[in-house]
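K.L.:
A structural model of the following input is requested.
(one chain, ligands or ions: 2)
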Amino acid sequence: MLDVQNSLAQPAHAVSVTRREDYAPPAWLVPHTQLDFDLDPATTRVTATLSVTRNGAHDTPLRLDGAGQQPVSVTVDGVAVNDWRIEDDQLVIPLAGDAHEIETVVEIAPERNTQLMGLYASGGNLCTQCEAEGFRRITWFPDRPDVLSRYAVRMTADKARYPILLANGDPVAQGDLDDGRHWAEWNDPYPKPSYLFALVAGDLAVNRDTFTTMSGRTVELGIWVRAADLAKTEHALAALKTSMAWDERAYGREYDLDVFNIVAVDDFNFGAMENKGLNIFNSRYILADPDTATDYDYDAIAAVVAHEYFHNWSGDRITCRDWFQLSLKEGFTVYRDQSFSADQGSAAVKRIEDVRGLRAAQFPEDAGPLAHPVRPDSYQEISNFYTATIYNKGAELIRMMATLLGPVTFRAATDLYFERFDGTAATCEDFVACMEEAGDVDLTQFRLWYSQAGTPRVSASLTERDGRTTLRLAQHVPTTPGQPDKRSMVLPLKLRLFGAESGRALTDERLVLLDQPSETLVFEGLAERAVLSINRGFSAPVIVETDRTAADLGFLARHDDDPFARYEAMQQLMLDSLVAGAMGDTAGHDAVIAAVSDTLANPDLDPAFVAEAVLLPSESFIGDQLATVDPEAIHASREGLRRALGQRLDDQWREAYDIAPEAYVYSPQAKGRRRLRSVALGYIAASGAGDAATLAFSQFTAADNMTDRQGALATLANSDADEREAALDIFYNRYADNSLVIDKWFQTQALSSRADTGAAVAELVRHPDFTLANPNRARALIGAFAANQRAFNAADGSGYRFLADQLIALDKLNPQTAAKLLPPLGRWRRFDPARAAMMRAELERIVAAPGLSKDVFEQASKSLA
Ligand code: 0A1
Ligand code: ZN
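P.N.:
Ligands and ions are numbered 1, 2, ... in the order given. Okay, the predicted model is just below:
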């Protein structure tokens, strides 16, 4: 093992930590902001005029955030001044009075902005991204979310190159200039923080529609894309209108401006951004047609469109006081978008998908070196806190409060919240206090969910004696970095007992609040031996350990009336068998095969549910159950069970696969059938059947939609068949000019279960279409590879070295995106000493890389600690 004790290199910059406890209100407010942009990709001149007012009695100077730019000029009340100074990237201006007008002029270079924060160029257009701290890269400003200002924006640009000029709020005026340039003015009447500012200048076409709000106002909707993509905006536009109507119905929230614009750009660090009245999207969450987008893409587009739209209230009208409160808007908005999606199709399948996502991303985060509370206490770089914990665990917290209050009271509580905090920058505490007040409940102990990191573990066991059935529940909250001692939390557990013989429910569903280290529940007079169904609907985001036997789990997988619990029983049955299989014991196969067979044969089940239920847990999730991850043993165990399932249930897979082909429609039913077919194809291939590659290849060529085409391609990509190369070539050539589909081509290869995937990926970074400059492309290849447990954790350390090389190269262009790729290296504690040492060595190499960003430094140094 390497000696790594004192070898942590120092970063080039001093580490500065921002702490929640240091929050102080802003010294100066900015009621009004006028921005004038003379747009040009090489040099854009930004003139900002800020009306500033002293906030309370103090004598501190005005401090405006910047990012290294030199002001061309500074004036106070129309007079040029030179008594300003620059201190720690802040422009410090002494001011005598209580209200002044400050004008600064700066020049910035959007075309050189590879970080994609601030004003940047994408696909020949200019656009902005300001959350969290991008506005300071545009102009000097108190760039913090609790400074709300009314913005008026004027843009001037070359008319031929940038015929469309958009900003927040409503268009006010526009006109032409003599020199081929034109201008437009926009005005946003709602005070907003700087992170919600946006502008777009480009050559864009629009898909327009209108929406009539519940009070009868007409809103002009527009989705702006490059002209060639216009036909791919229908689904997003429909989703937008459905979201607007849903938010009126479900939360009583009406849209508040006369226009709502969405712009799609190809280069974007995240999914999308909720800028007031001008959402900017990663094009992957807008563009769809059946030929290029999968069902998964369609669902994700609707979810992200809804998410950003819902932010208009949970984010824009009520924003966050400081970035420690990020989950106030994100957790709540994810909960809102999850509820929206659940209402559009199968709520049960949506819940299963959401929990699978939570377990894939958030549970490992909560169990590793980057674990942090939903409301963190400190950060070095806020961009690193756009995490599954803030978003997805945050959504689970809201869901638990909704469960505790019940739907009617929860709605009264959100009404209270929206009414009381409208137009302000609020805190997580404000939200909880509204829940408490409207729900007339005491959430004192519940608040620990915001402050304690780590996934609670619950153990549950049923015993029977003398006709009494006793349920023993105990909880344990693991230690996490900086939090050695944990207190017991409130865990809302829905549970029900079933008769092992009759299959009948023996009790009603109960909501048990486990708020002690352990508790005992006694059930008297049950007619037969009971089987426990617990954490139904995944009512608490916890890990439940039970002593249920394979027979009990198989029983629940067949009979539980809660679809999530039924899915969960099957998953547990599979997991137990897979974990045993990784130690060489395959005796558990039979019980899994029987339960899968019965599930496939059950005519009452929705195919979409069946597809989820019969899918084996991922290799990573199996690894999460083991003290030490053995990637090869896990892979072999999972492939072994897949093969056994494929062979033993061959007839049933073929029956599921052979359902009559239908012309493509996007509906929950059709989606479910496609999903089940593709799962069946995977099992047929896993069985080693001689015709599997032929089947996959003919599905690939005959498909009239991307779901079936990519499903077949993924199956072939895992195989050694001759058809593999042919399919990859056909796919590439067919979509060579569609970057979103080429991302799928890279990703499918990076996720392949073949033994040579590491070598293939190392080759693919040299492909002419590969670039680190586009975040989608970097994630499609590098991110997907790092998520491929077997390939990434190759015993010779080549996967670790490769990721570190790519990360160091990407950091020079785009620190935010680079930092997001780092966490797989931080999982070293979960591996054997040889792998752990190699992972640590790569983390050390990253920390020592010259000119490292603070984004990557924070992630890498915390991962080593
Ligand atoms: N608020 C956005 C997420 C987002 C955060 C940071 C960004 O900067 C690169 C972009 C988007 C959301 O929740 O959708
Ligand atoms: Zn969001």
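
K.L.:
quick check: residues of this structure near ligand 2?
P.N.:
Residues of the chain found near ligand 2, taking C-beta under 5 Å from the ion as the criterion, are 330, 333. For every residue, glycine as well, the C-beta is placed using N, CA and C.

K.L.:
low-confidence stretches in the chain?
P.N.:
With pLDDT under 70 as the threshold, the chain has low-confidence stretches at 1-13, 660.

K.L.:
tell me the residue furthest from the middle of it?
P.N.:
Among the C-alpha atoms of the chain, the one most distant from their mean position (C-alpha atoms, centre = their mean) is that of D466, at 50.0 Å.

K.L.:
from ligand 2, how far off is that residue?
P.N.:
In this structure, D466 and ligand 2 are 54 Å apart, going by C-beta to the ion, to the nearest Å.

K.L.:
ranges for the strands of the stretch 301-450 of the chain?
P.N.:
Shown for the stretch 301-450 of the chain, the strands assigned by DSSP state E, counting those that start in this stretch span residues 319-320, 378-379, 425-426.

K.L.:
tell me the strands beside the last one, with direction?
P.N.:
Using DSSP bridges, the strands paired with strand 425-426 are strand 319-320 (parallel).

K.L.:
H372 touches T389, doesn't it?
P.N.:
Yes. Applying C-beta atoms under 8 Å as the test, H372 and T389 come out as touching, 6.0 Å apart.

K.L.:
for those two, list the residues in contact with both.
P.N.:
When contacts are counted by C-beta atoms under 8 Å, 6 or more residues apart in numbering, H372 and T389 are jointly contacted by A453.

K.L.:
quick one on the thing from earlier: out of the strands of the stretch 301-450 of the chain, which comes closest to D606?
P.N.:
Nearest of these to D606, taken as C-beta to C-beta: strand 319-320 at 38.8 Å.

K.L.:
and the closest one, how far out from the chain middle?
P.N.:
Distance, stretch centre to chain centre, for strand 319-320: 19 Å (C-alpha atoms, centre = their mean, to the nearest Å).

K.L.:
residues touching the closest residue to R529 other than its chain neighbours, list them.
P.N.:
What sits nearest to R529 in space, not counting adjacent residues and going by C-beta to C-beta, 6 or more residues apart in numbering, is A500, at 4.4 Å. Contacts for A500 were tallied using C-beta under 8 Å, 6+ apart; they are 528-531, 552, 555.

K.L.:
same check, this time on H476
P.N.:
So, once contact is read as C-beta under 8 Å, 6+ apart, H476 ends up touching 456-457, 459, 517.

K.L.:
who wins on neighbours among those?
P.N.:
P456 (23 neighbours; other C-beta atoms under 10 Å).

K.L.:
where does that one fall, phi/psi-wise?
P.N.:
P456 adopts backbone torsions of phi -60, psi 150, taken as degrees, to the nearest 10.

K.L.:
from ligand 1, how far off is it?
P.N.:
Look at P456 and ligand 1: by C-beta to the nearest ligand atom, to the nearest Å, they are 26 Å apart.

K.L.:
touching, that residue and V544? I think so.
P.N.:
No. Between P456 and V544 no contact is recorded; they are 9.7 Å apart, counting by C-beta under 8 Å.

K.L.:
quick one, helices of the stretch 451-600 of the chain?
P.N.:
Here the stretch 451-600 of the chain has its helices, by DSSP state H, counting those that start in this stretch, at 550-559, 563-582, 589-601.

K.L.:
only the buried residues of the shortest one, if you could.
P.N.:
So the one you mean is helix 550-559. Using 16 or more other C-beta atoms under 10 Å as the test for burial, helix 550-559 gives 550, 552-559.

K.L.:
now do the contacts for the residue in the stretch 551-700 of the chain that ligand 1 sits nearest to.
P.N.:
Residue nearest to ligand 1 within the stretch 551-700 of the chain: Y666 (23.3 Å; C-beta to the nearest ligand atom). Shown in contact with Y666 (C-beta under 8 Å, 6+ apart): 235, 290, 295, 298.

K.L.:
for the closest residue to ligand 1 within the stretch 401-550 of the chain, which non-adjacent residue is closest in space?
P.N.:
Per C-beta to the nearest ligand atom, the residue of the stretch 401-550 of the chain with the smallest distance to ligand 1 is A425, at 15.0 Å. Closest residue to A425 in three dimensions, ignoring its sequence neighbours and counting by C-beta to C-beta, 6+ apart: D146, at 4.0 Å.

K.L.:
contacts only, for the one you found.
P.N.:
For D146, the set of contacting residues under the criterion of C-beta under 8 Å, 6+ apart consists of 25-26, 193, 319-322, 425.

K.L.:
is A727 in contact with S698, as I believe?
P.N.:
No. In this structure A727 lies outside contact range of S698 using C-beta under 8 Å: 10.7 Å.

K.L.:
who has more neighbours, these two?
P.N.:
In terms of neighbours (other C-beta under 10 Å), A727 is the more surrounded of A727 and S698; the figures are 24 against 13.

K.L.:
quick one, what contacts the residue nearest to the spatial centre of the chain?
P.N.:
To find the centre residue of the chain, average its C-alpha atoms and take the closest one (C-alpha atoms, centre = their mean): that gives A388, at 6.0 Å. A388 makes contact with 357-358, 361-362, 365, according to C-beta under 8 Å, 6+ apart.

K.L.:
state the distance from it to ligand 2.
P.N.:
From A388 across to ligand 2, the span is 13 Å (C-beta to the ion).

K.L.:
pick the most buried one from the strands of the stretch 301-450 of the chain.
P.N.:
With neighbours defined as mean count of other C-beta atoms under 10 Å, the strands of the stretch 301-450 of the chain peak in mean count at strand 319-320, which reaches a mean of 24.

K.L.:
how far away is the closest residue to P163 other than its chain neighbours from S122?
P.N.:
Spatial nearest neighbour of P163, chain neighbours left out: D203 (5.8 Å); criterion: C-beta to C-beta, 6+ apart. When C-beta to C-beta, to the nearest Å is applied, the distance between D203 and S122 equals 12 Å.

K.L.:
ok, Q789 next?
P.N.:
With distances taken as C-beta to C-beta, Q789 is found 33 Å from S122.

K.L.:
who are the neighbours in contact with the nearest residue to I543 once chain neighbours are set aside?
P.N.:
Of all residues not flanking I543 in the chain, R457 sits nearest, at 4.8 Å (C-beta to C-beta, 6+ apart). The contact partners of R457, taken as C-beta under 8 Å, 6+ apart, are 475-478, 542-545.

K.L.:
does the residue nearest to P163 touch K159 like I think?
P.N.:
No. The criterion here is C-beta under 8 Å, and D203 misses it with K159 at 10.3 Å.

K.L.:
for the stretch 151-300 of the chain, what lies in contact range of ligand 1?
P.N.:
Contact residues of the stretch 151-300 of the chain with respect to ligand 1, defined by C-beta under 6 Å from any ligand atom, are listed as 269-274.
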